[in-house]
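>>> need a 3D model of the sequence below.
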Amino acid sequence: EGQVFTGVMALEEPYNMSVAQEAIDKTVNFCRVFTVLAESFLTRMLENSVGEQAHYTIKALDLVLNCVGHYDYEVAEITFNLWFRLSEDLYDLSNDHLSNHFKPHFERLIGALLRHSQMEPDHEGLIEEGDLFLDFRRKVAELTKDVVFIVGSSNCFKQMFFSLQDPAVTWESTEAALFLMSTMAKNILPEEKEVVPKVVEAILNLPENTHIAVRYTSVLLLGELCEWIEHHPESLQAVLNFLLYSLQQKSGLPSAAAAALQSICSACRDHMTCHVSGLLQIANSLDSFEITNESVIGLLKGICIILSRLPSEEMTKATKEICSIQLTPLCQLLECDVKPERGKSSDPVFWIDRVAAILRHSNPTVREDEVHPMLGVLDEIWPVMSSVFLKYQADLRVMERTCRCIRYAIRCVGKQATPILEPLVKQMVHLYALYQHTCFLYLGSVLVDEFAKNTSCTKGLLDMLQAFIEPTFQLLQVDNGLRDHPDTVDDFFRLCSRYLQRSPLEFLQSPMITSIIQCALLACSLDHHDANISVMKFFCNLLHCGRDGESEAMRLHTYDIIAANGEALMMNLIHASVFCLQSHRLSDVADVMVELKSLDGEKFSHFLQSALNALPKKNSGGCVTMTEIQLKESHQIITGSETQKAVAHALRDFVKLYR
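Next up, the predicted model:
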């Protein structure tokens, strides 16, 4: 071991020669060897450096840092995984004395990352998306965030700032320092008064001729300092003015300003209500800024967070205003025959996603006896979304986004959204019968979750399920129907589980229950992650209805279902476990078994015995796969297992006999 270490350490001089000769392939290979050496001795390095003296193997890090200092950033990148591992181990050990041994190495690392992050002096504009250097800088940002705690975020932030005070500092050095400062800004204590105020002031007073990359990174840094700004509201007005100015610029700066403004709205919500008029001006001008629709959605999120803090009437008025800005062009699309172009303003999803963002992030505090401030907004949104359903009914993508939008509306307004329930369900049922878009099943589960406990809605929601069943079963009953439509299986049984959770007795008493269980039994063998989880959760929820503490009527219905289907359920679970499902899915099967066993251990044992007996004892070649003794042992182990984890482990061991 010592000889290996010494032998590799002796390669330092050949490495230096490869650098001098610009033999990049040799340099890269040396770097890999040094990095593997350090990784191999990492545990020993940490375990034996707890005293005053660091372990001798720590010298391997000096070799690696020599590589990090190479002029080519791709060489430095080879070492990143080592630093991630080392910082993670130091974080877990949480030993300041130990960390101090490694502190100089991480200081050198950050210094090297600072140099590697610098753009070329003659670079114009911003780094373009897709550029390998941009990808490298993102990795640098991730690494810096992970390791900076070892040297201290505040200390590092200060040193970076002080390095900018040199009158001879170049723009690319300034930008790189600001870039690294942005990676650690969220770790700065909000009470900091020495450096951060100077940083913010310097950013707000950048000269007009400042390089666009410096301005861009400065704006991002402001966004990362949002928690500090929240504790220093006196700076907020100037920051908002600066960001609004940046939003109105060109060359990529608006996207950074939009991201920063969103962060500040989220962090400073208690101080932002007095700036609502300015935010509404921004909302009215969104399409005049050079930003992507994703950035627009981020801005709307930030604005809605602030609007949610307003008094009820003011919130309703302001939210209607920003919704109208999105609904007007959407209505124009509904009235004409423009061919949708994905990602453009002619695409209905372009506007629907904005409305969805408004609904998703409008979360006012509402008393039980108070009219929800978003109810009036929903009254204006619903007719437009209903028209979207009608016009674009054959377009799955538009239907999915519209259902998502309505889901956020229902979640936002809650039970007060009852007035739209009947027309919404009628339209969903009609369109599902035509196209079987699974998003309607998912939206149906949201409606059940919100309204099924309201007795005036229960029957209508059960009728909705009845209407969904026929087209669903037609789709799934054809050859390979379950395999070809796993999303339908997933969403349908999620919907059924919602009924069992919200209106179980009415669901169990429904004549639909028999056909639903038969479909679920067939779906047990479907080896699809989400679909199989939904089917198993359906059975768990079904069996849960028979537990002690539930109503007598529910328990009786559940026991009747077990009597009629328990043996078939166990047969299908065992068959699926042995022949169809991957081993990591068996934990979900175990959940169902535990529920069944908790209801009736004796029947569980009998059902399991029958299922095991039904398995083939020999394979197609005539070889024995399971002896009677193994069968008996497996039965005893599974029935004797008390927890889900134990049952899953027993199942995996049993399944190995067949694989």
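>>> CA atoms for contacts and neighbours, from now on please.
Will do.
>>> give me phi/psi at His437?
Torsion angles at His437 (phi, psi; degrees, to the nearest 10) stand at phi -70, psi 120.
>>> burial count for the closest residue to it other than its chain neighbours?
Among residues not flanking His437 along the chain, Leu396 sits closest, at 6.6 Å (C-alpha to C-alpha, 6 or more residues apart in numbering). Here the number of neighbours of Leu396 (other C-alpha atoms under 10 Å) works out to 15.
>>> tell me the confidence at Leu396?
For Leu396, the model assigns a pLDDT of 97.
>>> isn't it up against Thr438?
No - here Leu396 does not reach Thr438: they are 9.1 Å apart, not a contact under C-alpha atoms under 8 Å.
>>> from Arg215, how far off is Leu581?
For Leu581, the distance to Arg215 (C-alpha to C-alpha, to the nearest Å) stands at 55 Å.
>>> likewise for Val140?
20 Å.
>>> and what of Ser515?
The value you get for Ser515 to Arg215, if C-alpha to C-alpha is used, is 64 Å.
>>> neighbour-wise, which of these two wins?
Applying other C-alpha under 10 Å to Ser515 and Arg215 shows that Arg215 carries more neighbours, namely 22 against 12.
>>> which ones are touching the more buried one?
Applying C-alpha atoms under 8 Å, 6 or more residues apart in numbering to Arg215 gives the contacts Ile203, Leu206, Leu253.
>>> what's the answer for Val199, then?
Val199 is in contact with Phe161, counting by C-alpha under 8 Å, 6+ apart.
>>> so it, which state does it fall into?
The local conformation at Val199, judged by DSSP: H, G, I helix; E, B strand; the rest coil, is helix.
>>> what's the answer for the one 10 residues further on, then?
Per three-state DSSP, the secondary structure class of Asn209 is coil.
>>> pull the contacting residues for it.
Neighbour list for Asn209: empty [criterion: C-alpha under 8 Å, 6+ apart].
>>> got it, and Ser641?
Counting by C-alpha under 8 Å, 6+ apart, Ser641 has contacts Val647, Ala650.
>>> ok, 7 Å please
With contact set as C-alpha atoms under 7 Å, 6 or more residues apart in numbering, Ser641 has these partners: Val647.
>>> please report how far it lies from Val594.
Computed as C-alpha to C-alpha, the Ser641 to Val594 distance reads 9 Å.
>>> now Ile638
Ile638 is 10 Å from Val594, by C-alpha to C-alpha.
>>> what about the two, which has more around it?
When Ile638 and Val594 are compared for neighbours, Val594 comes out ahead with 24 against 21, by other C-alpha under 10 Å.
>>> may I have the phi/psi pair for that one?
phi -60, psi -40.
>>> the one 10 residues further on now?
Backbone geometry at Phe604, expressed as degrees, to the nearest 10, gives phi -60, psi -50.
>>> so what's it closest to, chain neighbours aside?
Leaving out its chain neighbours, the residue that sits closest to Phe604 by C-alpha to C-alpha, 6+ apart is Lys597, at 5.3 Å.
>>> show me where the stretch 401-550 of the chain has its helices.
Using DSSP state H, counting those that start in this stretch, the helices of the stretch 401-550 of the chain run over 421-435, 439-451, 455-476, 481-484, 486-502, 504-509, 513-523, 529-544.
>>> so who does Thr627 touch?
Lys617.
>>> if we can go back for a sec, count the neighbours of the residue nearest to Phe604 for me.
Neighbours around Lys597, by other C-alpha under 10 Å: 17.
>>> tell me which element it is part of?
helix 586-599 (DSSP states H and E).
>>> helices or strands up against that helix?
helix 529-544, helix 644-655 (3 or more C-alpha pairs under 7 Å, 6 or more residues apart in numbering; DSSP states H and E).
>>> quick check: Asp347 touching Asp337?
No - with contact defined as C-alpha atoms under 7 Å, Asp347 does not count as touching Asp337 (11.5 Å).
>>> so those two - more neighbours on which side?
The neighbour count for Asp347 versus Asp337, taken as other C-alpha under 10 Å, is higher for Asp347 (17 against 9).
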